[in-house]
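Student: Just a sequence and a predicted model for now, questions to come.
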Amino acid sequence: MKLFDEIMRRLGADEELVFNGVKYVVFDGRCGYFENVKGIGDFSGEAVEILLKKGKLLVSGKNLYIRRFVEGDLAVYGQIESVARAE
């Protein structure tokens, strides 16, 4: 499912809103949905390193786990406290 394609279409927004191809949303700090993921680096219950075409994201929180990773779509569940670019 390409959630963001539908959101962008409904908003009439253009691709300039997308930073380096990564698209993500965090729902009430309880789960996050990420698109255009190339892989998963290190992960634990406190952090998930998401590999992108250019760079990485670091998801931090508590009791984190990967619920889905299919065709570039990733769902992370748990108490998400932050999402930040990592070098």
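Tutor: Yep, it's here.

Student: Spell out for me which residue occupies the centre of this structure.
Tutor: Centroid-nearest residue in the chain: residue 34, 2.8 Å away (criterion: CA atoms, centre = their mean).

Student: and that residue, what element?
Tutor: Following DSSP states H and E, one finds residue 34 within strand 31-35.

Student: What segments of this protein are strands?
Tutor: For the chain, the strands defined by DSSP state E cover 23-27, 31-35, 39-43, 47-51, 56-70, 73-86.

Student: Kindly reformat those strands as a markdown table and extend each row with mean pLDDT and distance to residue 10.
Tutor: For glycine as for every other residue, the C-beta is placed from the backbone atoms N, C-alpha and C. Formatted as a markdown table, these follow (pLDDT from 0 to 100; distance: least, CB to CB, whole Å):
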| stretch | mean pLDDT | distance to residue 10 |
| --- | --- | --- |
| strand 23-27 | 85 | 14 |
| strand 31-35 | 91 | 16 |
| strand 39-43 | 95 | 29 |
| strand 47-51 | 96 | 25 |
| strand 56-70 | 95 | 23 |
| strand 73-86 | 94 | 19 |
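
Student: Include distance to residue 9 when you put these into TSV, please.
Tutor: Below are these laid out as TSV (distance: least, CB to CB, whole Å):
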stretch	distance to residue 9
strand 23-27	13
strand 31-35	14
strand 39-43	28
strand 47-51	24
strand 56-70	22
strand 73-86	17
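
Student: Go ahead and confirm residue 85 touches residue 52.
Tutor: No. The pair residue 85 / residue 52 is not scored as a contact, 9.2 Å apart, by CB atoms under 8 Å.

Student: And those two? Which one has more around it.
Tutor: residue 52 (18 against 12; other CB atoms under 10 Å).
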